[in-house]
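Asks: return atomic coordinates for the entry below.
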Amino acid sequence: MMMSFSGNGLDRASEHRADPAWIAAQRAQALILPLWQLKVLVHEDRAARLEPHLCETLAGPGAARELRLRAAVVALSAADAAGPLRTLAFDENTPVKLRADAADALAGFGADPAGLARLARSASAPARVRVTAARALPPDEAAALLTDIATGDPRLATRIAAINVLDLIDEPAAGELFGRLVRDRRVGSLRRRAVLLAYRDLLADEDAARLPGNPLRLLLHDPARLLSRPRASAT
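Replies: Numbering: from 1, shown residues only. Sure, this is the predicted structure:
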């Protein structure tokens, strides 16, 4: 019985693997051989080889928005290169949704917390971007920022995003704010019904107990009226 990868002449360079300078030098001149389940990617009857900075290139301007984000995420997860995601998150010329998604990915990987904290504190940054970057702030500071955005931003999607992130930090506060949002008659009734149906898990327990058992009935009644009903009694 032969053990895979044993008995061959491959130099695995074990003594260099913990040397960042050596790894950086190899990466600068290396080609990547993509494998999936030990199968080699083939292109035109030959093994495909990728340049080491391909993801950084695909994450740059000119590529499709989704491709830029995916390439930047791969660059960080596979090559520990946070630069492409930082560029997307901090570039003022990048579309807001893409910046927010990049900041969210950075926060999810725990990368560049100091930079994300500065972004969250920047009054000139779009609110949607500050919301995702707020995860890098101390809890009390993050909760204060998210509460301000959830109660003061004119865009419904941004308010919901702020409440979603706040839910990770202070669930009761998020539930209270969501209850206030779906009761806010300044927002159209149909929009509030759709929001309540999609995000009802954000409701505080007391509000959730007032809702009908059939979720589709939420579309038939104004949320403000539903949530003003007496609390359902236990049976």
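Asks: domain assignment for the protein?
Replies: 50-137, 138-235 (automatic domain parsing).
Asks: how far is the shortest one from where the chain is centred?
Replies: Think domain 50-137. 10 Å (CA atoms, centre = their mean, to the nearest Å).
Asks: please apply the same query to stretch 15-33.
Replies: Taking mean C-alpha positions (CA atoms, centre = their mean), stretch 15-33 and its chain are 30 Å apart.
Asks: next SSE downstream of the worst-scoring helix or strand of the chain on mean pLDDT?
Replies: Lowest mean confidence among the helices and strands of the chain (mean pLDDT, DSSP states H and E): strand 35-36, at a mean of 72. Following strand 35-36 in sequence order, the next helix or strand is strand 39-40 (DSSP states H and E).
Asks: which stretches of this structure form helices?
Replies: Counting by DSSP state H, the chain has helices at residues 20-29, 54-58, 65-79, 83-90, 96-109, 113-121, 127-133, 139-152, 156-169, 171-183, 189-199, 205-208, 223-226.
Asks: of these, flag the one that's most buried.
Replies: helix 127-133 (a mean of 26; mean count of other CB atoms under 10 Å). Every residue, glycine included, has its C-beta placed from N, CA and C.
Asks: what does it rub up against?
Replies: 89, 96-97, 99-101, 103-104, 107, 116-117, 119-120, 122, 125, 145-146, 149, 153, 155, 157-158, 161-162, 165 (CB atoms under 8 Å, 6 or more residues apart in numbering).
Asks: switch the cut-off to 7 Å
Replies: Residues outside helix 127-133 that contact it (CB atoms under 7 Å, 6 or more residues apart in numbering): 96, 99-100, 103-104, 107, 116, 119-120, 145-146, 149, 153, 158, 161-162, 165.
Asks: centroid-nearest residue for the protein?
Replies: residue 104 (3.3 Å; CA atoms, centre = their mean).
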